[in-house]
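Engineer: Kindly return the folded structure for what I paste below:
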Amino acid sequence: MIAIIDYGMGNLRSVQKALEKAGARASITQNADDLAKAQKIVLPGVGAMRPAMEKLNSMGMPEAIRKAIAGKKPFLGICLGLQLLFEKGDEGGGVTGLGILPGTVGRFTKLKVPHMGWNQLILKKDNCPFLKGISNGANVYFCHSYYAQPADPKIVATATGYGVEFTSSVWKDNLFAVQFHPEKSQAIGLKILENFVRL
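Structural biologist: Sure thing, here's the model as predicted:
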């Protein structure tokens with residue numbers, strides 16, 4: 001069973017349907033205790049970092065998320081779910097994230113935002129199990145105005161060009177998170193979700 005964390009931001013049903021198409025049983029939950037029972041966890045989301053963190057804190061989710069990741073449970077963050085993993089975001093003068101990964105989240109400057117539509121992945125790792133079968137230059141779907149700036153370049157799994165080369169996915173052990181939307185990325189996105197399901 002895969003637990004999809006519901007904190008009121010994101011198209012949860014589309015993520016659930018995509019995971020089910022990839023062969024998983026997936027359940028949407030607002031109960032932090034469910035994370036300990038699940039085999040895998042997905043943190044989806046669209047929107048702003050501050051209200052997302054406020055909602056996660058009110059649900060008691062941050063500690064459950066940290067415990068699950070520290071316990072080597074497979075974890076997938078999607079879009080805002082990637083950004084929340086970092087220490088701090090620039091939004092609204094600064095917001096504290098989950099602090100699981102060192103680094104910050106900044107806004108695109110001098111570029112049209114949101115960065116929306118199809119764009120290419122530049123593979124930075126050749127052994128990432130979540131990206132098995134994904135080719136350099138594969139197109140995936142984005143919709144975001146902020147992007148992660150990891151302190152450790154070793155965790156960057158893919159990058160993408162949009163005025164600057166930004167981090168489009170990160171990988172560290174059992175944790176994988178993507179700035180793009182696999183549930184909207186057709187065959188490439190489904191392959192990534194299948195890789196996650198089959199871990």
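
Engineer: Which strand runs longest in this structure?
Structural biologist: Determined from DSSP state E, the single longest strand within the chain is strand 164-172.

Engineer: Now the element after that strand, going C-ward?
Structural biologist: strand 175-178 (DSSP states H and E).

Engineer: what mean pLDDT does that next one have?
Structural biologist: Per-residue pLDDT over strand 175-178 has a mean of 98.

Engineer: what's that strand packed up against?
Structural biologist: strand 75-78, helix 80-83, strand 164-172 (3 or more Cβ pairs under 8 Å, 6 or more residues apart in numbering; DSSP states H and E). C-betas here are computed from N, CA, C, even on glycine.

Engineer: how about 10 Å then?
Structural biologist: Using 3 or more Cβ pairs under 10 Å, 6 or more residues apart in numbering; DSSP states H and E, the elements in contact with strand 175-178 are helix 61-70, strand 75-78, helix 80-83, strand 156-162, strand 164-172, helix 186-198.

Engineer: Which among these is found nearest to residue 106?
Structural biologist: strand 164-172 (9.1 Å; Cβ to Cβ).

Engineer: Just give me the neighbour total for residue 189.
Structural biologist: 22 (other Cβ atoms under 10 Å).

Engineer: Please report how far it lies from residue 121.
Structural biologist: Per Cβ to Cβ, to the nearest Å, residue 189 is found 11 Å from residue 121.

Engineer: who touches both of the two?
Structural biologist: Shared contacts of residue 189 and residue 121 (Cβ atoms under 10 Å, 6 or more residues apart in numbering): 134, 138, 140, 178, 180.

Engineer: Got phi/psi on the residue in the chain sticking out farthest from the centre?
Structural biologist: Computed with Cα atoms, centre = their mean, the residue of the chain farthest from its C-alpha average is residue 110, at 24.7 Å. Main-chain dihedrals, residue 110, degrees, to the nearest 10: phi 60, psi 20.

Engineer: Leaving out chain neighbours, which residue sits closest to it?
Structural biologist: Nearest residue to residue 110 in three dimensions, chain neighbours excluded: residue 163, at 7.0 Å (Cβ to Cβ, 6 or more residues apart in numbering).

Engineer: Stretch 70-90 spans what distance, first to last residue?
Structural biologist: Start-to-end span of stretch 70-90 (Cα to Cα, to the nearest Å) is 26 Å.

Engineer: now that stretch: mean pLDDT?
Structural biologist: Rounded mean pLDDT across stretch 70-90 is 97.

Engineer: The host helix or strand of residue 148 pairs with which strands?
Structural biologist: Using DSSP H and E, residue 148 maps to strand 146-150. If you go by DSSP bridges, strand 146-150 pairs up with strand 101-107 (antiparallel).
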